[in-house]
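J.: any chance you can model this:
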Amino acid sequence: FFFTRSFRSRRSRMLTRCSVVFGQRSGCINSFQYVFKRFKSHTPHIMVTGGCGQVGVELVKQLRKEFGTNNVLSTDIVTGRYEDRLEGPFAYANVLEEKQLERLVVEHQIDWVVHNSSMLSATAERNHLAAFDLNFIGFKNIMEVARKHKLRIFSPSSIAAFGVSTPLENVPDFTIQRPSTLYGVSKVYVELLGEYYYTRFGVDFRSLRYPGIISASPPGGGTTDYAVDIFFSGLKTGKYECFLKEDSRLPMMYMPDCIKATVDILKAPNELLKQRTYNIAAFSFTPKELADEIKVHLPNLEVTYNPDFRQVIADSWPKRLDDTNARRDWGWKEEYGLPEMTIDMIKKVKEQQEGEN
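T.: Reported below is the predicted structural model:
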């Protein structure tokens, strides 16, 4: 009897408080709905793997601008630059250790994950076993953590997901994918496993096929790295030896547009996404066309061509991507063309080199 009266008394007080806060007719049901709605709309807590990489560093900076410094956790197995570590939360995370990833997700109350940890094309060909572990096992681990904790997850794919049997001009989202590199095979795996987890378990997986990414930070061992090296070497020595043929056309994108596209698809309402992986494109050029554009500003630049093993990789990749679906579904649009990118890269690389001196 005492327990029943006590319970009824507590219930009565709770209902009274609910009526005061939310209105007499709203009741506790509306109060719970309010709390649930507030929880759903809170600022997401985001974890980035590979946060010290070429894309990771820039992406973490932008995410912190948009969502708050303390809401974005950068992780990696290296420490990165000292100034980057001072800008916000950082943690060691080996993506081959699933329990370690899960612990970070729980301790930092993570909602979204950006999985950037991957070994790029040229490096992966020289270290195939390490690349297999990182690119395949690491992605499986992060997807399992996403499944258990109902996370939104973004992991980039690449033009490397295509192959010599793919039509090379204006490649659509859905086409033949028969890559000839381990990196490319791992990106097809990312796309298909991500889609499987979406349809089978409801994991909110999203991906973009990045073209070659150009930035004013050191490259990470990819086949399109010449488009970064030429700026650093050209400004420092006035010369550059390219490891691809002068007429090797590939789709490219400037880093600010890559970051913009990534953040945009991360934020996009799920109902806008008609597919889980999208092409994105900005411009395509050959090494000679890039060199000619740079010579507008550095007329004394000397460029020679000495193709190596990366030429075979480049020959298997598309020349242009069709990104109609990304533009239609969630409003993708680049901001930089080749001339604008070249001007900005020269400025940023020159500032870096002057700072080092």
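J.: show the contacting residues for the closest residue to Tyr226 other than its chain neighbours.
T.: Take Tyr226 and drop its neighbours on the chain: the residue closest to it by Cβ to Cβ, 6 or more residues apart in numbering is Cys242, 5.1 Å away. Every residue, glycine included, has its C-beta placed from N, CA and C. Counting by Cβ atoms under 8 Å, 6 or more residues apart in numbering, Cys242 touches 226, 230, 287, 291, 303-306.
J.: one more: Glu66?
T.: Val263.
J.: what score does the spatially most central residue of the chain have for pLDDT?
T.: The centroid of the chain falls nearest to Pro156 when counting by Cα atoms, centre = their mean (4.9 Å). The score at Pro156 is 98. That number is its pLDDT.
J.: hey, what's the closest residue to it other than its chain neighbours bridged with?
T.: In space, and not counting its chain neighbours, Pro156 is closest to Tyr210: 5.1 Å by Cβ to Cβ, 6+ apart. Counting by DSSP bridges, Tyr210 is bridged to Ser158.
J.: please tell me how far Tyr210 sits from Lys187.
T.: 9 Å (Cβ to Cβ, to the nearest Å).
J.: those two: which has the busier surroundings?
T.: Set Tyr210 next to Lys187 and count neighbours by other Cβ atoms under 10 Å: Lys187 wins out with 29 against 25.
J.: so the more buried one, which state does it fall into?
T.: helix (DSSP: H, G, I helix; E, B strand; the rest coil).
J.: low-confidence ranges in the stretch 151-300 of the chain?
T.: Segments of the stretch 151-300 of the chain classed as low confidence (criterion: pLDDT under 70) are 219-220.
J.: which residue ranges of it form strands?
T.: Under the criterion DSSP state E, counting those that start in this stretch, the stretch 151-300 of the chain contains strands at 152-154, 157-158, 204-210, 212-214, 239-242, 250-254, 277-279, 283-285.
J.: export the ones you listed to a markdown table and tack on distance to Gly355?
T.: Conversion of those to a markdown table gives the following (distance: least, Cβ to Cβ, whole Å):
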| stretch | distance to Gly355 |
| --- | --- |
| strand 152-154 | 32 |
| strand 157-158 | 31 |
| strand 204-210 | 28 |
| strand 212-214 | 20 |
| strand 239-242 | 21 |
| strand 250-254 | 21 |
| strand 277-279 | 36 |
| strand 283-285 | 28 |
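J.: out of the ones you listed, which comes closest to Tyr196?
T.: Comparison of these against Tyr196 by Cβ to Cβ identifies strand 204-210 as nearest, at 8.9 Å.
J.: and that closest one, how far out from the chain middle?
T.: The chain centre lies 8 Å from the centre of strand 204-210; the measure is Cα atoms, centre = their mean, to the nearest Å.
J.: so Leu134 sits against Asn116, correct?
T.: No - the pair Leu134 / Asn116 is not scored as a contact, 11.2 Å apart, by Cβ atoms under 8 Å.
J.: so Thr262 versus Ala268, what's the distance?
T.: Distance from Thr262 to Ala268, by Cβ to Cβ: 11 Å.
J.: now do Gly355
T.: Gly355 is 37 Å from Ala268, by Cβ to Cβ.
J.: out of those two, which sits in the busier spot?
T.: Set Gly355 next to Ala268 and count neighbours by other Cβ under 10 Å: Ala268 wins out with 16 against 7.
J.: that one against Trp332, yeah?
T.: No - between Ala268 and Trp332 there is no contact under Cβ under 8 Å: 9.6 Å.
J.: now do the strand or helix carrying Ile346, average pLDDT.
T.: Ile346 is part of helix 338-356, with elements assigned from DSSP states H and E. Averaged across helix 338-356, pLDDT comes to 93.
J.: how far is that helix from where the chain is centred?
T.: 23 Å.
J.: may I see the buried residues of that helix?
T.: Buried residues in helix 338-356, defined by neighbour count with 16 or more other Cβ atoms under 10 Å: 338, 341-342, 344-346, 349, 352.
J.: same thing with stretch 53-67?
T.: Buried residues in stretch 53-67, counting neighbours by 16+ other Cβ under 10 Å, are found at 53-61, 63-64, 67.
J.: can you name the next helix or strand after the helix or strand where Val55 lies?
T.: Per DSSP H and E, Val55 falls inside helix 54-67. Beyond helix 54-67 in the direction of the C-terminus, DSSP H and E gives the next helix or strand as strand 72-76.
J.: relative to helix 54-67, how tilted is that following strand?
T.: Orientation check (axes from the mean of the first three to the mean of the last three Cα atoms, to 10 degrees): strand 72-76 against helix 54-67 gives 170 degrees.
J.: given strand 72-76, what are its sheet partners and their directions?
T.: Using DSSP bridges, the strands paired with strand 72-76 are strand 46-49 (parallel), strand 90-92 (parallel).
J.: just give me the neighbour total for Gln311.
T.: Neighbour count of Gln311, defined by other Cβ under 10 Å: 15.
J.: give the residues shared as contacts by Tyr210 and Lys187.
T.: Common neighbours of Tyr210 and Lys187 (Cβ under 8 Å, 6+ apart) are 157-158.
J.: pull the distance from stretch 157-166 to the chain's centre.
T.: Using Cα atoms, centre = their mean, the offset of stretch 157-166 from its chain centre is 18 Å.
J.: keeping just the C-alphas, turn it into PDB.
T.: Extracted C-alpha coordinates of stretch 157-166, given in PDB (Å, rounded to 0.1, in the frame of the first residue of the first chain):
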ATOM      1  CA  SER A 157      36.000   6.000 -52.900                       C
ATOM      2  CA  SER A 158      38.200   7.000 -55.900                       C
ATOM      3  CA  ILE A 159      38.500   7.000 -59.700                       C
ATOM      4  CA  ALA A 160      40.800   4.000 -58.900                       C
ATOM      5  CA  ALA A 161      37.600   1.900 -58.500                       C
ATOM      6  CA  PHE A 162      37.400   1.900 -62.300                       C
ATOM      7  CA  GLY A 163      39.600  -0.100 -64.700                       C
ATOM      8  CA  VAL A 164      40.700  -0.600 -68.300                       C
ATOM      9  CA  SER A 165      37.300  -2.100 -69.200                       C
ATOM     10  CA  THR A 166      35.500   1.000 -68.000                       C
END
